[in-house]
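In: Need coordinates for the following:
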Amino acid sequence: MADVPPLVLSEILRDADLAVGVASVGRDDQALRGHDHPADRQHTMKMLCQPTGVRCSACLALSRVKWATPWALGWLYMRPLWPSPYHLQDPWKGMLDVPHAVVGVQKSARMDDVERSTMASENTAKLAVLIDADNAPPTIVEALLAEVATYGTAHVKRAYGDWTGTSLRGWKAQLLTQSIQPIQQFAYTTGKNATDAALVIDAMDLLYTGRFDGFCLVSSDSDFTRLAARIRESGLTVYGFGERKTPKPFVAACDKFIYLENLGYSSAPLTETPVAPTPKVSTAKLRGDTALVNLLRHAVKAASDDDGWAGLATIGHIITKQQPDFDARTYGYTKLSDLLAASTLFELDRRTLGEGKPAVVYARDKRHQSKSQPE
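Out: Residues are numbered from 1 along each chain as shown. Next up is the predicted model:
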């Protein structure tokens, strides 16, 4: 029905009750088939109305515009046989409120196609990056934004501070290069940091727009703990970035927390010079770290199937939920799979799902394998 030319159907239903008329045609379509002669059609419509004793509005409308009936029924019955220019748009939007029983199935199918296309184009999270410039060195910006790109697209990039002072002079080059908007906030009094309040207010304003999927809070200050918790309460993801000195409450308030030292830069605010990558922790030390071993084993067990195999992505999600600041780079390994392999506690299996698709890594606790072997 959605593909009937508007001019044709408007003539048919001009003087009729739309809901009753369309429903009558949809209910009695079997009886109308085969009656090509106008007299036969009129006789059929009268027969259809005999049980009620009253001619419905559809009969009145069709009897007055008999010439249009074959056009309407032809479009209605032949719709599934050829593609239509109305496939991606609804010409009746705002004109007719067609009952769901008649066109609900076809309209739902078209909407599913549109929704799938929309979801495919919006699979990247929209993020807002808010930087506390008073508590972050400017040399980490490039590595920081590269890390943010792995989680989504930074639609908003702002840095907060008192740009009239000399302490933030090193930020100018990074602000221009990375297209970061500087937000000026004067210090109202000595010893009080007004930058934090300005960042919190802007974060709440952005939150209430409903345009973002997550926030990236760059600071080592525990004052943003409540802000991170509030954003998570609204169902958005919070990524925290800070130095290792960041208080644990702020780390725990984020969905995921990334230490700036893992991005390859020094935490010293004065030198701000790149440092060598963290050396890899030896296998003996990894196996001797009881907290790490228990965290990895519990995550693999929670994500495993009946055979003990667990997808690496699921393992990583479980670990992050339990410990937001967990990062394989803390131990000198770039990937979680490398860390699992270095511990020699897990068995790894790379599986190819098909041609052109990346391999998926699965892990299994070696203790599970030893228990499954017959004695």
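
In: Surely residue 156 is in a helix?
Out: No - secondary structure of residue 156 (DSSP: H, G, I helix; E, B strand; the rest coil): strand, not part of a helix.

In: confidence score at it?
Out: Residue 156 carries a pLDDT score of 95 in this model.

In: So residue 249 versus residue 295, what's the distance?
Out: From residue 249 over to residue 295 the distance is 20 Å, taken as CB to CB, to the nearest Å. Every C-beta, even on glycine, is put in place using the N, C-alpha and C of the backbone.

In: the more surrounded of the two?
Out: Per other CB atoms under 10 Å, whichever of residue 249 and residue 295 has more neighbours is residue 295, with 16 against 13.

In: Find the helix or strand that the more buried one is a member of.
Out: Applying DSSP states H and E as the criterion places residue 295 in helix 290-303.

In: Send me that helix as CSV with only the CA atoms.
Out: Extracted in CSV, the C-alpha atoms of helix 290-303 (Å, rounded to 0.1, in the frame of the first residue of the first chain):
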residue,chain,number,x,y,z
THR,A,290,49.3,-13.7,42.8
ALA,A,291,46.9,-10.8,42.2
LEU,A,292,47.6,-10.8,38.5
VAL,A,293,47.4,-14.6,38.1
ASN,A,294,44.0,-14.7,40.0
LEU,A,295,42.6,-11.8,37.9
LEU,A,296,43.6,-13.5,34.6
ARG,A,297,42.4,-17.0,35.6
HIS,A,298,39.0,-15.7,37.0
ALA,A,299,38.4,-13.8,33.8
VAL,A,300,39.2,-16.7,31.6
LYS,A,301,37.0,-19.0,33.7
ALA,A,302,34.1,-16.5,33.6
ALA,A,303,34.2,-16.2,29.8
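
In: Now do that helix: everything it contacts.
Out: The contact list for helix 290-303, computed with CB atoms under 8 Å, 6 or more residues apart in numbering, reads 286-287, 310-311, 314-315, 318-319, 322-323, 326, 331, 339-340, 343, 345-346, 363-365.

In: repeat for stretch 160-176
Out: 130-134, 137-139, 141-142, 159, 180-187, 195, 198-199, 202, 272.

In: Just the buried ones among those, please.
Out: With burial judged by 16 or more other CB atoms under 10 Å, the buried subset of the contacts of stretch 160-176 is 130-134, 137-139, 141, 159, 180, 182-183, 185, 195, 198-199, 202.

In: what about the stretch 201-350 of the chain, any weak spots by pLDDT?
Out: Counting by pLDDT under 70, the stretch 201-350 of the chain shows low-confidence ranges at 265-277.

In: hmm, try it at 90
Out: Along the stretch 201-350 of the chain, segments meeting pLDDT under 90 span 221-222, 261, 263-281, 306-307, 330, 332, 334, 350.

In: which of the residues in stretch 310-320 are buried?
Out: For stretch 310-320, burial by neighbour count (16+ other CB under 10 Å) applies to 310, 311, 312, 314, 315, 316, 318, 319, 320.

In: Now, those residues that are in helices?
Out: Among those, the ones falling in helices (DSSP state H) are 312, 314, 315, 316, 318, 319, 320.

In: For the residue nearest to the first one when sequence neighbours are not counted, the count of nearby residues, please.
Out: Using CB to CB, 6 or more residues apart in numbering and skipping the chain neighbours, the partner closest in space to residue 312 is residue 361 (4.1 Å). Residue neighbour count, defined by other CB under 10 Å, stands at 19 for residue 361.

In: Equivalent analysis for the one 5 residues further on, please.
Out: Close neighbours of residue 366, defined as other CB under 10 Å, add up to 12.

In: ok, and the closest non-adjacent residue to it?
Out: Nearest non-adjacent residue to residue 366, counting by CB to CB, 6+ apart: residue 347, 5.6 Å away.

In: which residues pair with that neighbour across the strands?
Out: The bridge-partner assignment for residue 347, based on DSSP bridges, gives residue 364.

In: Other residues contacting stretch 233-250?
Out: Contact with stretch 233-250 is made by 125, 127, 135-136, 144, 147-148, 151, 207, 212-222, 224-225, 228, 231-232, 251, 253-261, 267, 324, as judged by CB under 8 Å, 6+ apart.

In: and if you look at stretch 346-362?
Out: Outside stretch 346-362, the residues that touch it by CB under 8 Å, 6+ apart are 296, 300, 309-313, 337, 340-341, 363-366, 369.

In: buried stuff in that stretch?
Out: Within stretch 346-362, the residues that count as buried by 16+ other CB under 10 Å are 346, 347, 361, 362.

In: end to end, how far does it reach?
Out: 10 Å (CA to CA, to the nearest Å).

In: Can you give the domain ranges for the chain?
Out: According to automatic domain parsing, the chain comprises the domains 6-120, 126-263, 283-372.

In: Quick one: buried ones out of the contacts of stretch 233-250?
Out: Burial by neighbour count, 16+ other CB under 10 Å: within the contacts of stretch 233-250 this picks out 125, 127, 135-136, 144, 147-148, 151, 207, 212-221, 224-225, 228, 231-232, 251, 253-261, 267, 324.

In: Narrow those residues to those in helices?
Out: Counting by DSSP H, the part of these found in helices is 144, 147, 148, 207, 225, 228, 231, 232, 251, 253.

In: for residue 350, helix, strand, or coil?
Out: Classification of residue 350 by three-state DSSP places it in strand.

In: Could you check how far it is from residue 170?
Out: From residue 350 to residue 170 the distance is 44 Å (CB to CB).

In: check contacts around residue 339.
Out: Residue 339 is in contact with 286, 296, 328, 331, 333, counting by CB under 8 Å, 6+ apart.

In: May I see the buried residues of the helix or strand hosting the first one?
Out: Which is residue 286. Residue 286 is located in helix 283-288, with elements delineated by DSSP H and E. Applying a neighbour-count criterion of 16+ other CB under 10 Å, one finds residue 286 buried in helix 283-288.
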